[in-house]
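Undergrad: Coordinates only, no sequence provided:
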Ligand code: NAP
């Protein structure tokens with residue numbers, strides 16, 4: 001067992017795009033569990049766009065020079081509570097660190113489903129998949145045959161949305177992403193009918209070509225110009241599911257998008273945002289929906305896995321730059337399957 005632990009701290013507030021200079025890796029002695037808690041060795045970490053929002057000053061943000069929080073999956077390696085046993089695999093929110101001292105209330109035991117890897121609990125079965133599921137089933141109330149547009153379609157929420165929509169018998173499935181390679185991947189692997197690279201021109205024109213007959217639902221991970229274009233393309237009784245605004249997280253001075261507000265009335269459009277944290281009660285329903293499809297192979301995992309906790313900051317910054325396809329996950333080196341490990345590991 002390691003005798004030391006590593007924790008990531010945020011050391012300064014970025015204005016615009018963050019860099020590695022805004023973070024520090026801090027080494028300390030391995031913490032011991034106090035009575036009623038357990039020591040967890042983290043195995044998988046999630047880095048997420050909301051962490052960028054937490055880097056800014058304000059309520060609920062990261063404190064400077066203190067351990068950060070994030071979703072993680074780890075193994076209990078020492079316990080001083082009968083409710084957590086050594087060897088047990090748990091989900092908790094003390095990520096960005098190699099080890100965490102947790103209480104049973106702060107952890108969730110993960111059900112194990114045959115053939116489903118642990119990474120799925122941070123991707124399609126975790127908060128990312130739950131966001132996609134809530135967006136489609138509760139906010140959009142997607143009907144079979146509805147034509148759907150998804151922005152940031154190649155990311156974690158975007159790929160899960162595309163795959164779930166296919167299982168829910170979506171009509172035409174259209175997406176946007178940051179490169180031609182991503183667009184290709186989405187059409188070939190994820191089942192999109194058309195995907196455009198949003199760098200290639202005005203969003204309204206690109207969307208008009210990809211969905212010439214309009215759309216019924218827009219799942220919006222991005223905001224900005226694409227949101228305005230989608231409002232224009234929506235048909236009567238269209239729905240906009242506001243999931244996130246990643247186009248603005250690193251450009252705080254950018255003007256908000258402009259669209260024709262009259263469209264909302266004249267086309268009876270409904271625009272609704274949500275936070276997945278208010279829908280945790282649907283976790284079991286997500287398992288019931290997704291697990292059989294994962295096990296049958298109808299639902300595939302879209303994940304970019306980065307090996308080594310020392311790359312957790314790089315993985316986060318890379319995700320903000322669009323270097324991921326599917327959910328980005330950082331994996332402890334002990335979890336690298338033998339056939340994947342380069343010589344010397
Ligand atoms: P992700 O999509 O896997 O990663 C972020 C992606 O955003 C990047 O891969 C990049 O892909 C794209 N991006 C970055 N800058 C952009 C820009 N200026 N314009 C357009 N696209 C840009 O992340 P995720 O975890 O799935 O999250 C997606 C969105 O959902 C985020 O806005 C996040 O905040 C939101 N979210 C909300 C909830 C909720 O409860 N409401 C929960 C989870 C996530 P490209 O190469 O395509 O640019």
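TA: Perfect, thanks for sending it. All values derive from a computational prediction rather than experimental measurement.

Undergrad: From here on, just use CA atoms for contacts and neighbour counts.
TA: Fine.

Undergrad: So the chain: which segments form each domain?
TA: The chain is divided into the following domains under automatic domain parsing: 4-123+301-335, 127-276.

Undergrad: which residues of the stretch 201-345 of the chain fall in helices?
TA: 203-210, 224-233, 246-249, 261-266, 283-296, 312-320 (DSSP state H, counting those that start in this stretch).

Undergrad: Would you tell me which one of the ones you listed is buried the most?
TA: Comparing the helices of the stretch 201-345 of the chain by mean neighbour count (mean count of other C-alpha atoms under 10 Å), helix 224-233 comes out on top with a mean of 22.

Undergrad: which of the helices of the stretch 201-345 of the chain has the lowest average pLDDT?
TA: Note on the helices of the stretch 201-345 of the chain: lowest mean pLDDT is at helix 246-249, with a mean of 92.

Undergrad: residues of stretch 8-24 that come out buried?
TA: Buried residues in stretch 8-24, counted by 16 or more other C-alpha atoms under 10 Å: 8-14, 18, 23-24.

Undergrad: From those residues, pick the one nearest the ligand.
TA: residue 18 (12.5 Å; C-alpha to the nearest ligand atom).

Undergrad: Which residue, other than its chain neighbours, is closest to the closest one?
TA: Once flanking residues are discounted, residue 18 sits nearest to residue 317: 7.3 Å by C-alpha to C-alpha, 6 or more residues apart in numbering.

Undergrad: Would you mind measuring from that neighbour to residue 156?
TA: Distance from residue 317 to residue 156, counting by C-alpha to C-alpha, to the nearest Å: 15 Å.

Undergrad: residue contacts, residue 194?
TA: Contacts for residue 194 (C-alpha atoms under 8 Å, 6 or more residues apart in numbering) come out as 173-175, 183, 187, 210.

Undergrad: got it, and residue 27?
TA: 4-7.

Undergrad: ok, now how distant is it from residue 310?
TA: In terms of C-alpha to C-alpha, residue 27 sits 12 Å off from residue 310.

Undergrad: Show me what from the stretch 51-200 of the chain comes close to the ligand.
TA: Along the stretch 51-200 of the chain, the residues adjacent to the ligand under the rule C-alpha under 6 Å from any ligand atom are 128, 131, 152, 154-158, 177-178.

Undergrad: Output the contacting helices and strands for the worst-scoring helix or strand of the chain on mean pLDDT.
TA: Least confident element among the helices and strands of the chain, by mean pLDDT, DSSP states H and E: helix 246-249 (a mean of 92). If you count contacts as 3 or more C-alpha pairs under 8 Å, 6 or more residues apart in numbering; DSSP states H and E, helix 246-249 packs onto helix 49-54.

Undergrad: can you do 10 Å?
TA: Helix 246-249 is packed against helix 49-54, helix 224-233, helix 312-320, with contacts defined by 3 or more C-alpha pairs under 10 Å, 6 or more residues apart in numbering; DSSP states H and E.

Undergrad: Lovely, talk soon.
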